[in-house]
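> below are the sequence and a predicted model; questions follow.
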There are 2 protein chains.
Amino acid sequence: MADQTRQTQALGRILELVVVLSEDMTRGLERLGLTDSRAHLLWELHHRGPSTQRTLADALHVSARNITGLVDALVATGFVTREPHPTDRRATLVSFTEHGAATAAALERGQHEFARILFEEMPDHRLDGLVEGLNEVLDRLRKHGVSIESGADQ
Amino acid sequence: MADQTRQTQALGRILELVVVLSEDMTRGLERLGLTDSRAHLLWELHHRGPSTQRTLADALHVSARNITGLVDALVATGFVTREPHPTDRRATLVSFTEHGAATAAALERGQHEFARILFEEMPDHRLDGLVEGLNEVLDRLRKHGVSIESGADQ
DNA sequence: TATTGTTATACTCTATAACTATA
DNA sequence: TATAGTTATAGAGTATAACAATA
């Protein structure tokens, strides 16, 4: 029972972190004129280079229709452009504007900076312990596909 | 530089966990006929008891209008009812139906069960290391209000 | 025939503003 | 005058289905 308390406490900390981190990211992205979804698309584009909307839809696990909307918004706000695909006239290539490329690069730098701020004063053994613990939790989540409602179907 | 890599890796693991956990929760809630937002309202109601919509709006940090919509949906799907407030005729008390109360209780049991599955085979020292690491990260996030885009404004 | 991306339509969550009933 | 909750309106993200252009 003491164990159960500690386990539940650990899960509670993880869920807290999810909330705090998500809110923090959303606020930061808003300052850049981005939403979570649009930033996600930018992030993929940054790591894949110019991509068709189909590719982006598969990468983000959303519908083609959704990508049309996100790209519309990112074009309207000056982050990306639609270019003709060189060989397939059905497809369009989504590419960065200068502003979009600069923003994506800044997001990447920001991520490293953020990691530094979060962990710079954490002793090595604790950082290691944290990563090992997280890896184990992730493994377990992926393998067992357990769900937080596993006990909830009465 | 090696340090930066390890720190960025740790942040990467945390972000992965955020994604996997969120998706898992959303899927599980969907099986119960709930969305994330509706489950969040149910969760508050479970811990506060019958509440006015105003109270719920403040607890969830959303607008009164939003609560109207969420309660509408939860009434329509049989999780809660609107009851007259005993002393304030402007207000309504949101209360559980039997189904709603059972679902909320099941969510709570499910959370303990989920924690057990995630951590049962984790050695004590690693669980402790994980919790300590998470606490430190949370502290730092809250104190400094840093943002993942902190380096992103060029 | 199959694929790419669009239009059409709809649902959920979210917000602000105007309004009603009550305090 | 202030508060509780609604209606009105709007915008973002998401989905499926029908369709056009192209492969």
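Happy to help now that I have it.

> from now on I want contacts and neighbour counts done on CA atoms only, so please keep to that.
OK.

> longest helix in chain A, by residue count?
The longest helix of chain A (DSSP state H) is helix A:2-31.

> how would you label residue A:122: helix, strand or coil?
The local conformation at residue A:122, judged by DSSP: H, G, I helix; E, B strand; the rest coil, is coil.

> ok, now how distant is it from residue B:136?
Using C-alpha to C-alpha, to the nearest Å, residue A:122 is found at 8 Å from residue B:136.

> tell me, what's touching these two both at once?
Between them, residue A:122 and residue B:136 share no contacting residue under C-alpha atoms under 8 Å, 6 or more residues apart in numbering or on different chains.

> is any part of stretch A:70-79 close to DNA strand D?
Yes - using C-alpha under 7 Å from any atom of the strand, we find that stretch A:70-79 touches DNA strand D at A:70, A:73.

> pull the CA atoms of that stretch into CSV?
This file holds the C-alpha atoms of stretch A:70-79, laid out as CSV (Å, rounded to 0.1, in the frame of the first residue of the first chain):
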residue,chain,number,x,y,z
LEU,A,70,-2.8,24.0,-41.5
VAL,A,71,-0.8,24.9,-44.6
ASP,A,72,-3.4,27.6,-45.5
ALA,A,73,-2.9,29.2,-42.1
LEU,A,74,0.9,28.9,-42.3
VAL,A,75,0.9,30.4,-45.8
ALA,A,76,-1.4,33.3,-44.6
THR,A,77,0.9,34.0,-41.7
GLY,A,78,4.1,33.9,-43.8
PHE,A,79,5.8,30.7,-42.5
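
> buried stuff in it?
For stretch A:70-79, a neighbour-count test (16 or more other C-alpha atoms under 10 Å in any protein chain shown) marks A:70-71, A:74-75, A:79 as buried.

> please identify the buried residues of the very next helix or strand once past the longest helix of chain A?
Counting by DSSP states H and E, the next helix or strand C-terminal to helix A:2-31 is helix A:36-48. For helix A:36-48, burial by neighbour count (16+ other C-alpha under 10 Å) applies to A:38-39, A:41-46.

> quick one on the thing from earlier: what packs against the longest helix of chain A?
With contacts defined as 3 or more C-alpha pairs under 8 Å, 6 or more residues apart in numbering or on different chains; DSSP states H and E, the packing partners of helix A:2-31 are helix A:36-48, helix B:98-119, helix B:124-144.

> which secondary structure elements does the longest one contact?
Secondary structure elements in contact with helix B:98-119, counted by 3+ C-alpha pairs under 8 Å, 6+ apart, are helix A:2-31, helix A:124-144, helix B:36-48.

> spatially nearest residue to the residue nearest the centre of chain A, not counting backbone neighbours?
Residue closest to the average C-alpha location in chain A (C-alpha atoms, centre = their mean): residue A:40, at 5.6 Å. Leaving aside its chain neighbours, residue A:40 sits nearest to residue A:60 (7.8 Å; criterion: C-alpha to C-alpha, 6 or more residues apart in numbering or on different chains).

> what score does the one you found have for pLDDT?
Looking at residue A:60, its pLDDT is 98.

> again, but for the one 10 residues further on
In this model, residue A:70 is scored at 98, pLDDT.

> correct me if wrong: it contacts residue A:38.
Yes - between residue A:70 and residue A:38 there is a contact at 6.1 Å, judged by C-alpha atoms under 8 Å.

> so for stretch A:121-136, what gets flagged as buried?
Quick answer for stretch A:121-136 (16+ other C-alpha under 10 Å): A:122, A:126-136.

> now those in CSV, with pLDDT and distance to DNA strand C?
Formatted as CSV, those follow (pLDDT from 0 to 100; distance: C-alpha to the nearest atom of the strand, whole Å):
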residue, pLDDT, distance to DNA strand C
A:122, 87, 33
A:126, 85, 34
A:127, 89, 33
A:128, 86, 34
A:129, 85, 33
A:130, 85, 30
A:131, 88, 30
A:132, 87, 32
A:133, 85, 30
A:134, 87, 27
A:135, 90, 29
A:136, 88, 30
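
> show me which pair in those is furthest apart.
Greatest spacing in those, by C-alpha to C-alpha: A:122 and A:136 (20.0 Å).

> out of the buried residues of helix A:36-48, flag the one nearest to DNA strand D.
Nearest to DNA strand D among the buried residues of helix A:36-48, counting by C-alpha to the nearest atom of the strand, is residue A:38 at 5.1 Å.
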